[in-house]
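Visitor: after the sequence you'll find the predicted model.
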Amino acid sequence: MRRTMLYLPGNNPNMLTRGYLFGPDGLILDLEDAVAMAEKDTARILVQHFLKQGEFGKCEVTVRINGVDTEYWKDDLAAVVPFPVLQGVRAPKVDDANTVKIIDEELSMIEDKHGIPVGRTKIFCLLETAKGIWNAYDIASASPRVAAIIPGGEDLTADLKTSRSSEGTELDWARRMLVFAARAAGVDPIDTVFPRVTDDAGLRKETEFIKQLGFEGKSVIHPNQIPIIHDVFNPTEKEIEKALKIVAAAKEAAERGQGAVSVDGRMVDIPVVKRAEHTLVKAGLLEVK
Amino acid sequence: MNTAQAGTLESMDCLVTVSEAASGTGVKIQITGSSAARFKSAMEKKVSEVIASMGVKDIEISIQDNGALDIVLGARVEAAVKRLMGGER
């Protein structure tokens, strides 16, 4: 589950220590924008020590590396990839499939060197330019390592030469495009952050909107945002009850050798069963298939 | 005398200052701050381990602590020493 992925500034011991306690589904130890240029070296070492000895609970652990257009990204990867707790890297400013391939090759080299199964480290791609959004499907399908694609917020808005509004009009098309590309490629679409950290009502509204578009979850910049996003993404009692009924009826029909099922007088076909299973996975009542 | 620093005085962090020392001086550690009184020996042990693992024999280390955990202390010492050696910037 990737309902919430919380950014933790890579040079902040307090947040790196306590981040998992806020119960997000995933953590992003950030070596990029949250770290000042002069502290890139110390942040990398601090994150390395946390990956070696830190506590992360049940969170999916990822590190946001610096962009491939900087002098830092190879050192970032070399520092973090060897640790078994690391499940993936979040790559900023991915504009095309070639960027994914460059990172893929570097990851393979490091994994091979350290005796790690090649392909273990996933890539979470941040699409922060108009070009990146345009190439979304190519990026998402550029490597089996790609686990998710994420639209940029601030950077993308700047590249579009507009500004961020409370309605998110400027990001509307990019978000829809990203969901289509991700689903077509079989990876997760994860939304950008909601920057107004004290606007709970605004966060809830935006989360409801992106859930309806088809997003799996949202990037998070403040721990207080986590319960609100989980609340929106968690299935309701009614949805769970209905899903349980559908899955049980489908199972029973399959055992009898029947394809079509009827639940509460309505015909239920395969897409409906799949959606019901997805609901139960989200409710923690079914393992991911 | 060359010196280097790493870390901050923020909560759960520490500021580590390291200085080159003449050959044969050994490792000199000075710790001040909130946890120093209670955890000084454990902190000294951690710092010594990191220094030894980096192959450094002569160095002066001063730590201003604001509640840094072992992980943080180790990372800040490593970063400061690497900066002193000019190996990583």
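Guide: Here it is on my side, so go on.
Visitor: going forward, measure contacts between C-alpha atoms and count neighbours the same way
Guide: Noted.
Visitor: what residues of the helix or strand A:Glu105 falls within count as buried?
Guide: A:Glu105 belongs to helix A:97-113 when assigned by DSSP states H and E. By 16 or more other CA atoms under 10 Å in any protein chain shown, the buried positions in helix A:97-113 come out as A:97, A:99-100, A:103-104, A:107-108, A:110-111.
Visitor: what mean pLDDT does the longest helix anywhere in chain A get?
Guide: For chain A, the helix that runs over the most residues, judged by DSSP state H, is helix A:237-255. What helix A:237-255 shows for mean pLDDT is 89.
Visitor: CA atoms of the lowest-mean-pLDDT helix or strand in chain B as PDB?
Guide: None of the helices or strands of chain B scores lower by mean pLDDT, DSSP states H and E than helix B:36-53, at a mean of 90. Provided in PDB are the C-alpha atoms of helix B:36-53 (Å, rounded to 0.1, in the frame of the first residue of the first chain):
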ATOM      1  CA  ALA B  36      27.100  14.500  28.500                       C
ATOM      2  CA  ALA B  37      26.800  13.900  32.300                       C
ATOM      3  CA  ARG B  38      24.700  10.700  32.000                       C
ATOM      4  CA  PHE B  39      26.000   9.100  28.800                       C
ATOM      5  CA  LYS B  40      29.600  10.400  28.500                       C
ATOM      6  CA  SER B  41      31.300   7.000  28.600                       C
ATOM      7  CA  ALA B  42      28.800   5.400  26.100                       C
ATOM      8  CA  MET B  43      29.300   8.400  23.800                       C
ATOM      9  CA  GLU B  44      33.100   8.200  24.100                       C
ATOM     10  CA  LYS B  45      32.900   4.600  23.200                       C
ATOM     11  CA  LYS B  46      30.900   5.200  20.100                       C
ATOM     12  CA  VAL B  47      33.100   8.100  19.000                       C
ATOM     13  CA  SER B  48      36.300   5.900  19.500                       C
ATOM     14  CA  GLU B  49      34.700   3.100  17.500                       C
ATOM     15  CA  VAL B  50      34.000   5.400  14.500                       C
ATOM     16  CA  ILE B  51      37.500   7.000  14.700                       C
ATOM     17  CA  ALA B  52      39.100   3.500  14.800                       C
ATOM     18  CA  SER B  53      37.100   2.200  11.900                       C
END
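Visitor: hmm, who's touching it?
Guide: Contacts with helix B:36-53, where a contact means CA atoms under 8 Å, 6 or more residues apart in numbering or on different chains, come from B:27, B:29, B:31, B:57, B:65, B:70, B:73-74, B:77-78.
Visitor: so of those residues, which ones are in strands?
Guide: B:27, B:29, B:31, B:65 (DSSP state E).
Visitor: what is the burial count for residue 30?
Guide: All of this is about chain A. For A:Asp30, the count of nearby residues is 26 (other CA atoms under 10 Å in any protein chain shown).
Visitor: wait, chain B
Guide: Burial measure for B:Gln30: 14 neighbouring residues, criterion other CA under 10 Å.
Visitor: pretty sure it contacts B:Ser19?
Guide: No. If you go by CA atoms under 8 Å, B:Gln30 and B:Ser19 don't touch, sitting 11.8 Å apart.
Visitor: contacts only, for A:Val61.
Guide: Contacts for A:Val61 (CA under 8 Å, 6+ apart) come out as A:26-29, A:85-88.
Visitor: may I have the beta-bridge partners of residue 62?
Guide: I'll assume chain A. A:Ile28, A:Gly88 (DSSP bridges).
Visitor: oops, I was thinking of chain B
Guide: On the basis of DSSP bridges, B:Ser62 is bridged to B:Thr17, B:Gln30.
Visitor: does it touch B:Gly33 like I think?
Guide: No. Using CA under 8 Å, B:Ser62 makes no contact with B:Gly33, being 10.9 Å away.
Visitor: in a markdown table: the buried residues of helix A:97-113, plus pLDDT.
Guide: Listed next are the buried residues of helix A:97-113 as a markdown table, based on pLDDT from 0 to 100:
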| residue | pLDDT |
| --- | --- |
| A:Ala97 | 98 |
| A:Thr99 | 98 |
| A:Val100 | 98 |
| A:Ile103 | 98 |
| A:Asp104 | 98 |
| A:Leu107 | 98 |
| A:Ser108 | 98 |
| A:Ile110 | 98 |
| A:Glu111 | 97 |
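Visitor: for residue 7, give me its contacts.
Guide: Using chain A here. Each residue near A:Tyr7 by CA under 8 Å, 6+ apart is listed here: A:27-30, A:219-222.
Visitor: wait, I meant chain B there
Guide: Applying CA under 8 Å, 6+ apart, the residues near B:Gly7 are A:42, B:13-16, B:76.
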